[in-house]
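Asker: Need coordinates for the following:
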Amino acid sequence: MRATDDDTPLKLAVIRALLDWRALPESDLARMTRPFPLVTDDLRAMSEEGLVEMEFSGDEYVIRLTRLGELFYEQA
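Answerer: As a prediction, this is how the structure comes out:
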């Protein structure tokens with residue numbers, strides 16, 4: 001039997017914040033999901049799954065929620 005990490009609570013916390021704000025800089029999003037350690041790799045994984053979009057602006061990424069991310073949140 002193999003132990004795996006379930007990152008669903010982190011995904012839901014990110015999506016919950018983005019539902020209110022629609023788009024947030026990575027640093028603000030990390031503060032809003034504080035009990036969960038959020039790193040760029042987590043956001044990249046969510047982007048590869050199609051849950052969020054990442055756009056580099058200034059000196060950090062701006063994260064936007066996709067329709068697939070909204071559907072993921074509704075199904076959870």
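
Asker: For the helix ranked longest in the chain, enumerate the helices and strands it packs against.
Answerer: Taking DSSP state H as the assignment, the helix of the chain that covers the most residues is helix 8-21. Packed against helix 8-21 by the contact rule (3 or more Cβ pairs under 8 Å, 6 or more residues apart in numbering; DSSP states H and E) you find helix 26-32, helix 40-48, strand 52-57, strand 60-65, helix 67-75. All C-beta spots, glycine's among them, are computed from the backbone N, C-alpha and C.

Asker: Which among these is found nearest to Thr8?
Answerer: With Cβ to Cβ, the closest approach to Thr8 among those belongs to helix 67-75: 9.1 Å.

Asker: right, and the helices and strands packed on helix 8-21 - which one's nearest Ala17?
Answerer: Sorting these by Cβ to Cβ, the top spot, which is the nearest, belongs to helix 26-32 at 4.4 Å.

Asker: in that closest one, what's buried?
Answerer: Within helix 26-32, the residues that qualify as buried by neighbour count (16 or more other Cβ atoms under 10 Å) are 26, 29-30, 32.

Asker: quick one: low-confidence ranges for the chain?
Answerer: Using pLDDT under 70 as the threshold, the predicted model of the chain has low-confidence ranges 1-4.

Asker: Need the residue closest to the centroid of it.
Answerer: To find the centre residue of the chain, average its C-alpha atoms and take the closest one (Cα atoms, centre = their mean): that gives Val14, at 4.0 Å.

Asker: my guess is it contacts Thr33, does it?
Answerer: Yes - under the criterion of Cβ atoms under 8 Å, Val14 is in contact with Thr33, at a separation of 5.9 Å.

Asker: re the thing from before, could the buried residues of helix 26-32 be laid out in JSON lines, adding distance to Asp20?
Answerer: Formatted as JSON lines, the buried residues of helix 26-32 follow (distance: Cβ to Cβ, whole Å):
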{"residue": "Glu26", "distance to Asp20": "16"}
{"residue": "Leu29", "distance to Asp20": "11"}
{"residue": "Ala30", "distance to Asp20": "16"}
{"residue": "Met32", "distance to Asp20": "9"}
